[in-house]
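> Turn this into a structure:
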Amino acid sequence: MSGNSNDTSGQGMIVNPKPKADNQNWDGDDADRADRLRFEEEQAMIREQSEARAAAKALAEHKLAEHKLAEDKATGAAKNAK
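Residues are numbered from 1 along each chain as shown. Take a look at the predicted model:
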C-alpha cells in the first residue's frame, strides 16, 4: 500500500453504470428476487443443519453421561459386593 490519498485505482469504489433515472427500481428485477429467495433458503438450510448438529451433539453427550453413570453404578456395586 502506498498510503497515497489520491489513489485512483478504483478499488473500493461503487460504480453505477446506469443513469440515476434508469436505476430507480430498488426492489430489483426477477433475477434479484430469485437471488434473495435463494439466499434466504440457503440461510434457512444452514440454520436447520446447525440445529441438527447441535441436537445430535446434545444427544451424544446425554448418551455418554448415561453410559458413565451406568459404569459408575456398576463399579460401585462391585466394590460394595467385596
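> show me where pLDDT drops low in the chain?
Applying pLDDT under 70 to the chain picks out residues 1-28, 81-82.
> Touching stretch 42-53 from outside, list them.
Applying Cβ atoms under 8 Å, 6 or more residues apart in numbering, stretch 42-53 turns out to have no external contacts. C-beta here means a position set from N, CA and C on the backbone, and glycine is covered the same way.
> Tell me where this protein has helices.
Taking DSSP state H as the test, the helices found in the chain are 30-81.
> okay, now residue 39: neighbour count?
Look at residue 39: counted by other Cβ atoms under 10 Å, it has 10 neighbours.
> State the distance from it to residue 79.
Distance of residue 39 to residue 79, given as Cβ to Cβ, to the nearest Å: 59 Å.
> do residue 31 as well
71 Å.
> Same check on residue 73?
11 Å.
> now residue 51
42 Å.
> OK, contacts around residue 73?
Residue 73 neighbours (Cβ under 8 Å, 6+ apart): none.
> Against residue 65, how distant is it?
For residue 73, the distance to residue 65 - Cβ to Cβ - is 13 Å.
> Check residue 76 too.
16 Å.
> Same check on residue 29?
Distance from residue 29 to residue 65, by Cβ to Cβ: 54 Å.
> How about residue 74?
15 Å.
> One more: residue 46?
Residue 46 sits 29 Å away from residue 65, going by Cβ to Cβ.
> try residue 47
Residue 47 is 27 Å from residue 65, by Cβ to Cβ.
> Brilliant, that's me finished.
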